[in-house]
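Q: Quick one: sequence plus predicted model below, questions after.
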Amino acid sequence: QKLIAGALEKIDDLISSLDQLIAKKRDIQQAAMQQLLTGQRRLPGFSEEWKDGKFRDVVRSLSAGVSVNSTDDLPEPGLPCVLKTSALSDGHFFPNEAKAIVAADRARACTNPKKNTILISRMNTPALVGEIAYVEKDYDWLFLPDRLWMTQLMSDDCVNVRWLSYLLSSSPYRKLLQDSATGTSGSMKNISKGVLLNLQISYPIIEEQTAIAIILSDMDTELAALEARRDKARQLKQGMMQELLTGRIRLV
């Protein structure tokens, strides 16, 4: 019993240490976003003044999907699926947060998530309205619901889309979007297209945008690797408990 408890305690310690490291890395990333996305901290080699403008200055289109009926079938590539609003979280896109569209509604579905675009939750609960997600590739089997916008920009020469997604998902802009949402229901709020397009934004030059986006993206990659390692440790613990606590595997 003591040996089994000791083995499980060791993996608990590993999971706890990974949780602490992930929390620390997230704090570092949040601080970096606060400094780099506001110009409080400038990267070496950049000193140009930032340009003030509005979101509409760089937006070519805001496209929403349509409301379709869906099933609880698990999403899989090739099966037409509609995204849930939970597919957008903290600036990240989770394509598996989707539901299969019923056969009768598949012809009505429109607006696929496209590479190098930003998805915005225009209608959601007060805490989740205005959620942002950057899309890294095309998803021809996924479709947007009417509660999500896909933002396509005028040109890659004027703004780095990844940088803009980090800016819009930063705490100040998330709060700004939440505060601008309206609605008579206390459980559901809506952001108007006009409010979003008139959002005030300060832009550094495209080269600085790109450099900032690379730094923050590298932090995202590191966090994702740590989270995957922690999740694997949790799965390992569950497997160990199943085997050790039933006697199917005996310690030496």
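A: All right, it came through fine.

Q: just for this structure, where's the confidence low?
A: Filtered on pLDDT under 70, the chain yields no residues whatsoever.

Q: Sketch out the strands for it, chain order is fine.
A: 51-54, 59-64, 81-83, 88-89, 92-93, 98-100, 117-121, 123-124, 132-135, 142-143, 148-153, 189-190, 200-203 (DSSP state E).

Q: List the buried residues in the last one.
A: Along strand 200-203, these residues count as buried under the neighbour rule (16 or more other Cβ atoms under 10 Å): 201, 203. Bear in mind the C-beta positions are built from the backbone N, C-alpha and C, glycine included.

Q: ok, residues contacting that strand?
A: For strand 200-203, contacts defined as Cβ atoms under 8 Å, 6 or more residues apart in numbering pick out 38-39, 50-55, 158-159, 164, 167, 209.

Q: hey, where'd the helices end up in the stretch 1-150 of the chain?
A: 2-36 (DSSP state H, counting those that start in this stretch).

Q: which residue is nearest the middle of the chain?
A: Nearest to the mean C-alpha position of the chain, counting by Cα atoms, centre = their mean, stands residue 92 at 1.5 Å.

Q: Quick check: that one touching residue 134?
A: Yes: taking contacts as Cβ atoms under 8 Å, residue 92 lies within contact range of residue 134: 7.5 Å.

Q: Number of residues surrounding residue 206?
A: Neighbours of residue 206 under the rule other Cβ atoms under 10 Å: 15.

Q: which ones are touching it?
A: So residue 206 contacts 157-160 (Cβ under 8 Å, 6+ apart).

Q: Can I have the buried ones of these as a PyMOL selection?
A: Selection of buried members from the contacts of residue 206 for PyMOL, criterion 16+ other Cβ under 10 Å:
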select buried, resi 159+160
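
Q: Show me which of the contacts of residue 206 is closest to residue 185.
A: For those, the closest approach to residue 185 (Cβ to Cβ) belongs to residue 159, at 34.0 Å.

Q: Single out the most deeply packed of the strands of the chain.
A: Ranked by mean neighbour count, those are led by strand 81-83 with a mean of 27 (mean count of other Cβ atoms under 10 Å).

Q: Show me what that strand is packed up against.
A: Here strand 81-83 touches strand 98-100, strand 142-143, going by 3 or more Cβ pairs under 8 Å, 6 or more residues apart in numbering; DSSP states H and E.

Q: Please produce CSV containing those strands, extended by distance to residue 205.
A: Below are the helices and strands packed on strand 81-83 laid out as CSV (distance: least, Cβ to Cβ, whole Å):
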stretch, distance to residue 205
strand 98-100, 37
strand 142-143, 34
